[in-house]
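Engineer: Attaching a predicted model along with its sequence, questions to come.
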Amino acid sequence: MKLDLSLYDKILENRIRLQIMSVLMVNEEYDFNSLKELLDITDGNLASNLKSLEKAEYIEVIKTFIDRKPNTRYRGTEKGKRAFRDHLTALEALISSGR
Amino acid sequence: MNQDDVLKDLSHIRSLMEKSTKFISISGLSGILAGVYTLLAVSFLCWKLKIHGLIFGSSSHTVIYMDSAEPVRIMVITGGLLLLISVATGVYMALRKAEKAGQSAWNPASRILLVSVAAPLLTGGVIAVMSLIKGYYFVLAPCFLIFYGLALYSGSRVSFKELRLLGILQIVLGLLAYAYMPFGLLFFALGFGVLHILYGAVIIKKYGA
């Protein structure tokens, strides 16, 4: 059987980015620090992956201030959610092709 | 990318989705303790107020009995202490459980949990205070069970799914307590006492201590 990899997403090939998107699929929004703690990764690693998701328009950034401290929250866009679902479909196809 | 990697990624994603939306640091043991406190408090009240068979006096004299200030004061103080100690135990053990798991207890899921239980609990609290002021003491037990049950029901969305059943059972007991008011203390002992102990045991058995 020939594999259809048209749904496979290069941006989500990265494990961290896939994990970020999975959190934003089930949460309306999630803030930077909570994401960092959940994924257990460094500031820099998280920030750079968030940046590439933002550039791909998979997520949108909401910057506000709470008690004068900056609070950055992220939200999955429709485009990002569609890409995530498609990518999972591609992964499923990849798994079942090997059985 | 081989298939094992994909499978590992997918299972990781699953757990992330679960972990990011559910607050599961609620300790089963604190449920059991709250239940035990409740049974102790109810036994104390029965002994102190000479309530036999968990019925306030004989049904025709109940209102007269509760009209004197002293039993009411004892009940309110005992109930207040019971709530305070139960909540403190629950919060303390949740914090400890979260710390052990290397997570902070203050995360988006626990914030949603607080917001979703706040509305029923505050409403119930206001009704309880108003009932006390107006002297409708018999409404307290049903009111407490019903609004506590509603809080559990709405909180179950972001926590253990078993909380939903616990909430429904508390609401049912609350409604029964409303229908058979002189037995309020009995239903309270069943709901806040026995059900909590059962629930705590189920959580520990299913998810570990």
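Structural biologist: The structure has been received and is ready for your questions.

Engineer: hey, let's count contacts and neighbours off CA atoms from now on
Structural biologist: OK.

Engineer: The longest helix seen in chain B and chain A, any residue contact?
Structural biologist: Longest helix in chain B, counting residues (DSSP state H): helix B:69-100. No: using C-alpha under 8 Å from any C-alpha of the partner chain, helix B:69-100 never reaches chain A; the gap is at least 12.4 Å.

Engineer: Tell me the helices and strands packed up against that helix.
Structural biologist: helix B:28-48 (3 or more C-alpha pairs under 8 Å, 6 or more residues apart in numbering or on different chains; DSSP states H and E).

Engineer: Now do the helix it packs on against helix B:69-100, angle only.
Structural biologist: 170 degrees (axes from the mean of the first three to the mean of the last three C-alpha atoms, to 10 degrees).

Engineer: for helix B:28-48, packing partners?
Structural biologist: helix B:69-100, helix B:196-207.

Engineer: how about a cut-off of 10 Å?
Structural biologist: Counting by 3 or more C-alpha pairs under 10 Å, 6 or more residues apart in numbering or on different chains; DSSP states H and E, the packing neighbours recorded for helix B:28-48 are helix B:69-100, helix B:184-188, helix B:196-207.

Engineer: That helix to helix B:196-207, inter-axis angle?
Structural biologist: Going by the same axes, to 10 degrees, helix B:28-48 makes 170 degrees with helix B:196-207.

Engineer: Can you list the buried residues in helix B:28-48?
Structural biologist: Buried residues in helix B:28-48, counting neighbours by 16 or more other C-alpha atoms under 10 Å in any protein chain shown, are found at B:28-39, B:41-42, B:45-46.

Engineer: As a markdown table, the helices and strands packed on helix B:28-48 with mean pLDDT would be great.
Structural biologist: Formatted as a markdown table, the helices and strands packed on helix B:28-48 follow (pLDDT from 0 to 100):
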| stretch | mean pLDDT |
| --- | --- |
| helix B:69-100 | 90 |
| helix B:184-188 | 90 |
| helix B:196-207 | 94 |
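
Engineer: Would you tell me which one of those is buried the most?
Structural biologist: Across these, averaging neighbours per residue (mean count of other C-alpha atoms under 10 Å in any protein chain shown) puts helix B:184-188 on top, at a mean of 24.

Engineer: Isn't B:Gly155 up against B:Leu114?
Structural biologist: Yes: with contact defined as C-alpha atoms under 10 Å, B:Gly155 reaches B:Leu114; the gap is 7.8 Å.

Engineer: Let me see the mean pLDDT of the top helix by length along chain A.
Structural biologist: The helix spanning the most residues in chain A, taking DSSP H as the definition, is helix A:78-97. For helix A:78-97, the mean per-residue pLDDT is 90.

Engineer: Can you name the residues of chain A that neighbour chain B?
Structural biologist: Contacts of chain A with chain B, taken as C-alpha under 10 Å from any C-alpha of the partner chain, map to A:13, A:15, A:18-27, A:29-31, A:33-35, A:37-40, A:88, A:91-92, A:94-99.

Engineer: Write out the residues of chain B neighbouring chain A.
Structural biologist: B:1-4, B:6-7, B:9-10, B:12-21, B:102-104, B:106-109.

Engineer: So how do I select the buried members of those residues in ChimeraX?
Structural biologist: A single ChimeraX command selects the buried members of the residues of chain B next to chain A (16+ other C-alpha under 10 Å):
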select /B:3,6,9,10,13,16,17,18,19,20,21,103,104,107,108,109
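
Engineer: hang on, the earlier thing: so between B:Gly155 and B:Leu114, which is more surrounded?
Structural biologist: B:Gly155 (25 against 14; other C-alpha atoms under 10 Å in any protein chain shown).

Engineer: To which secondary structure element is that one assigned?
Structural biologist: helix B:140-155 (DSSP states H and E).

Engineer: Dump that helix to CSV, keeping only the CA atoms.
Structural biologist: Extracted in CSV, the C-alpha atoms of helix B:140-155 (Å, rounded to 0.1, in the frame of the first residue of the first chain):
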residue,chain,number,x,y,z
LEU,B,140,-29.3,23.4,56.6
ALA,B,141,-28.5,19.7,56.0
PRO,B,142,-30.5,19.4,52.7
CYS,B,143,-29.1,22.7,51.5
PHE,B,144,-25.6,21.7,52.3
LEU,B,145,-25.8,18.3,50.6
ILE,B,146,-27.6,19.7,47.5
PHE,B,147,-25.2,22.6,46.8
TYR,B,148,-22.1,20.5,47.7
GLY,B,149,-23.4,17.9,45.3
LEU,B,150,-23.8,20.5,42.5
ALA,B,151,-20.3,21.8,43.1
LEU,B,152,-18.9,18.3,42.8
TYR,B,153,-21.0,17.7,39.7
SER,B,154,-19.7,20.8,38.0
GLY,B,155,-16.1,20.3,39.2
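
Engineer: Cheers, nothing more for now.
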